[in-house]
Each structure stands twice: as C-alpha cells, then as structure tokens.
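Trainee: Next come a sequence and a model predicted from it.
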Amino acid sequence: MTKKFFVLLAFVCLFSLSVASRAGVFLWDDFNTPRDYLVQGLPPWWDGAVWRCGATYSPDNIKKWCANDVNGRMYIRTANQAWDGRNGGMGPGFLMYKNVKGDFAATVHITSFTGPGWGFGNNYIGYNNCGLMARKPSYPLGIPVPLNCRDTTNTKENWFSNDYFPPWEVNGNEIRYCENGYRTDIGDPNRKNQSGNGLSWNAGHWLKLKRAKDTFSAYYSFDGVNWATLNLADPAMYYRPDIKDGNGITQVGMFQCTYMSTTAWAEFDNFKIMTRFAGQAWYPVPEEGTPNVDPDIVLKWDKWDATITSHQVYISESFSDVNSGTAPVHICDTNSYDPCGPGGIAPLKANTKYYWRVDEVNSQGTYAGDVWDFTTGSYRGDIDKDGNVDFADYAVLANNWLNQNCIDPDWCEGADLNKDGKVDCLDLEIFVKDWLAGTTP
Ligand SMILES: [Ca+2]
Ligand SMILES: [Ca+2]
Ligand SMILES: [Ca+2]
C-alpha cells in the first residue's frame, strides 16, 4: 500500500465512521506524486489555500505565489505577501490548509529555504518566513478549490503559527500569533512576545504545532524524532479559543510569505496531521510507524488531561488482539510503559512489528485509544547481529575493551555501542541490559 493510498484511506475512514470512531492520522502528504498545482489544482485531501488577490496582480503574478511540488516536496513561493494583519495591503497569504476540528498536532519538515548554498539558502531574502499555521477561517467555507484568493477588506486575522524564520538572529524557530488583526509580536512596544529560540540558521528544520483544548503549543526538532518546546514570553497567549469558526473548524497547514517584491520560497515535506477525540491518549513515542526501534524502548504518550487517573496499555504482535482489546492489558498509573519492566512483555523481540494502544481512564469512563504500531530493530547488545545477545557478542566486546578512536561505520567491530568513540563501561551497561535477549530460555 502506498503512502498516498493510506492517506486517502485514512481520510475516507474518518468521515465514514461515526463520531465515536477513532481518530488518528488525519492527513499525511509526502508530496511524492508529481502534480502541477496551477493546472490540476489542489489534491482532494487538501481543503484550500489563502492568498491575497487584488487588482495589482495579473495571472502572471499569481504564478509567482503558487505552489508546485518538486522532487517529492511541496514548493511554495511568494512575493508581496504578508501575514501582518495591520498591513492589509499585502496579506494575508500564503497558506495551504486542511480543515480540522478539535485537537490536532501537525508536523512538517522544512527541506529548503530560499535556495541551496547560503546557510540553508542563497539569494538571501531577509524577510522570508514559513512554517505551520492554525488560522480561523475568515471567509465563507466552501469556496471551490484549488486556490482561493481573498479580498483585503477583512484584516482581522486570527492565527497561531510555528515559524521557521532564521534570517534574524533573534529568531530561528519562533512562535507568532495574530489576534483580531493585531500581530502581537511586533505590536507590543516592549516586544515581550518576541519568542524565537535565537538559533537563527541553526534552527530545527522539523516543526510541530499542536492544539489541545484550545491551548496551542509549538515544538522544533533537528531530526524529526526528538522535540524541544518553544516558549512564549506570555503564556496566556497559548490559549486561543477564538481560532476556529462557528462550526469548530480551524485551517491548519503550511504557510510561506515574504513582503519583499523579490520572490522567496520554502520547500516542505511529509506534512502530517494527527487528531484525537475527547479523552484519548496521543503523541505516542515512538511515533506511529517508526522503524528500527530499540527493543529496550520505554513507550510513552501524552495523556488527555489531569483528570486521567490510569492508563490501560495493550501491546501485541497481533493488530486484531490490540484492536479488540483481547491482548493482555497492563495498567499504568503514569503515562509511560516499559514493556521490559514489571508486568511487561519482556523483552520485546528484535525486528518485529508491534501494535499497541492506550485507553485512558478517569472518573467519567474509559476512552479507547488508536492502535499505533512500530517495528523494532536489533538489540543494541547484539554486536554480531545474529539476533541474540550471548557469549559471541561478549567476545567482540572483550576483544575491543578500552579501545579508543572507534569511528563510523565500524565502531570498533560494533562494540562501541553508544558510538562515542571508545569501548568502556557505558557500552558494557547497554550490553548487560540486553544480556541473553533473543536467546531461547
Ligand atoms: Ca516527499
Ligand atoms: Ca549476537
Ligand atoms: Ca562507547
């Protein structure tokens, strides 16, 4: 099954089931199917796009702003566009969005910015900005796709964004937001809400934007796996119940803009939205579908809220056993589960696909979670990669004991398990943890 098909399937399923159905991966676009967005319009799994239309823009100009996917990535380029609600002559735009109801988490990978060669780009444009945005729809829904332009009479923008904005050294990864047309990060005379991490061109290329019960949060990552939180100077600004229309719909998607007259662009890949229903666990670690997971993994997730008192964890190699809840259940009072710890299914097998699910429990009831999956890799202690950890592996470790200068890809015959350049107690500790894993008891 191709990923694209999976996206369609997930989309169809979500809308063909009742409200009580499970949430999960709402949209996952890898942009690997070539498409001319100007000719073919948006694919049906996107709901629309926003940019400013106006008398000063000819069809040729519009081309400048539009999006085409190139080399399996989404390429978005604009000129004379801005999200500054008070600068109505230029915005708002550009946003390509999906209509989302309820809690969500969106992630994306910024794969190019302005162009290759200078930092993360050349043809340096200081005001190129891009990232993830959640926006209150400001015009009637149902305007035909592919691409909506809108008039400039309504400048009361309401949005919350996670920006990749490296050109200014105080920025990097940054939260921005707009309230009733007022972009607070530049509107405050003290700039107290300027909220970049200051990493500039070292900023993380992976972005995540999340809403839980009208509270937004933003994250950045250098590898798409480990995430750091972006913080606002004024935490009250995280709470934005206004960023949805009367039907509870929020536009969530990828934005890019520059207000310069010279075009600037960004490339995006693997845009993904997860959703959940009230009470559900989410944010599984490892993430849905992660390959090559250490069999020693401690599973984690985010709980719905503080009312959740316990968690029922199902884990099995059988999807149906997890889905039906017939797999053995493990009760956890914190939102993590060590499959190899007390009550666990120790140890997880190497190179095996596991399904798991967390049902959240509070005084109101039990909330069934989605079925997630991941696939384990080798045991870290399996130095000779024969599927188990035994004396043969120990012999390699002993043979390289206290060796220095272990380098990629050999890593001292693999004995440098933590790949820090030497074989020492840290490696022994990992090895001991896996001792006899994969062997027949
Ligand atoms: Ca791709
Ligand atoms: Ca082995
Ligand atoms: Ca080591």
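Mentor: Cool, got the structure. Ligands and ions are numbered 1, 2, ... in the order given.
Trainee: Quickly list the domain ranges of the protein.
Mentor: Listed domain ranges for the chain are 3-276, 282-376, 391-433 (source: automatic domain parsing).
Trainee: roughly how far apart are whatever residue of the stretch 51-200 of the chain ends up closest to ligand 1 and ligand 3?
Mentor: Across the stretch 51-200 of the chain, no residue is closer to ligand 1 than G72, which sits at 3.5 Å (C-beta to the ion). Using the backbone N, CA and C atoms, a C-beta is placed for each residue, glycine as well. Separation of G72 from ligand 3 (C-beta to the ion, to the nearest Å) stands at 36 Å.
Trainee: can you check G41 too?
Mentor: In this view, G41 and ligand 3 are 53 Å apart by C-beta to the ion.
Trainee: same check, this time on V100
Mentor: 44 Å.
Trainee: For the closest residue to that residue other than its chain neighbours, list each beta-bridge partner.
Mentor: Spatial nearest neighbour of V100, excluding adjacent residues (C-beta to C-beta, 6 or more residues apart in numbering): V252 at 4.6 Å. Counting by DSSP bridges, V252 forms beta bridges with K98, A134.
Trainee: hang on, the earlier thing: got the domains of the chain as CSV, with mean pLDDT and mean neighbour count columns?
Mentor: Formatted as CSV, these follow (pLDDT from 0 to 100; neighbours: other C-beta atoms under 10 Å):
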stretch, mean pLDDT, mean neighbour count
domain 3-276, 73, 18
domain 282-376, 89, 17
domain 391-433, 94, 16
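Trainee: Indicate which one of these is closest to ligand 2.
Mentor: So among those, domain 391-433 is nearest, using C-beta to the ion, at 4.2 Å.
Trainee: can you list the residues of the stretch 51-200 of the chain near ligand 3?
Mentor: Nowhere does the stretch 51-200 of the chain come near ligand 3, counting by C-beta under 5 Å from the ion.
Trainee: closest point of the stretch 51-200 of the chain to ligand 3, which residue?
Mentor: L199 (28.5 Å).
Trainee: Next up, phi/psi of that residue, please.
Mentor: phi -80, psi -10 (degrees, to the nearest 10).
Trainee: swap in S310?
Mentor: phi -160, psi 170.
Trainee: Next, the distance between the ends of stretch 199-216.
Mentor: 22 Å (C-alpha to C-alpha, to the nearest Å).
Trainee: is the lengthiest strand in the chain anywhere near ligand 1?
Mentor: The longest strand of the chain (DSSP state E) is strand 264-276. Yes: using C-beta under 5 Å from the ion, strand 264-276 reaches ligand 1 at D269.
Trainee: List the pairing partners of that strand within its sheet, with orientation.
Mentor: When DSSP bridges is applied, strand 264-276 pairs with strand 25-29 (antiparallel), strand 73-78 (antiparallel), strand 103-113 (antiparallel).
Trainee: before we move on, the earlier item: what sits against the residue of the stretch 51-200 of the chain closest to ligand 1?
Mentor: Contacts of G72 were listed using C-beta atoms under 8 Å, 6 or more residues apart in numbering, and they are D30, F31, N32, D269.
Trainee: Apply 10 Å and report the result again.
Mentor: By C-beta atoms under 10 Å, 6 or more residues apart in numbering, G72 lies in contact with D30, F31, N32, T33, P34, T111, E267, D269, N270.
Trainee: any idea how far I249 is from it?
Mentor: 29 Å (C-beta to C-beta, to the nearest Å).
Trainee: Likewise for P347?
Mentor: 45 Å.
Trainee: same question, N400
Mentor: Distance from N400 to I249, by C-beta to C-beta: 59 Å.
Trainee: related to what we said a few turns ago, what are the neighbouring residues in contact with the residue nearest to V100?
Mentor: Taking C-beta under 10 Å, 6+ apart, one finds 26-27, 47, 95, 97-100, 104-106, 132-135, 209, 211, 243, 271, 273, 275 in contact with V252.
Trainee: got it, and N128?
Mentor: N128 touches 77-78, 113-115, 121, 164-167, 256-260, 262-266, counting by C-beta under 10 Å, 6+ apart.
Trainee: tell me the secondary structure for V39?
Mentor: What DSSP: H, G, I helix; E, B strand; the rest coil gives for V39 is helix.
Trainee: gap between it and ligand 1?
Mentor: 20 Å.
Trainee: give the contact list for the residue minimising distance to the centre of the chain.
Mentor: By C-alpha atoms, centre = their mean, the chain has its centre lying nearest to T107, at 2.5 Å. By C-beta under 10 Å, 6+ apart, T107 lies in contact with 28, 132, 162, 206-210, 219, 221, 224, 227, 270-274, 287.
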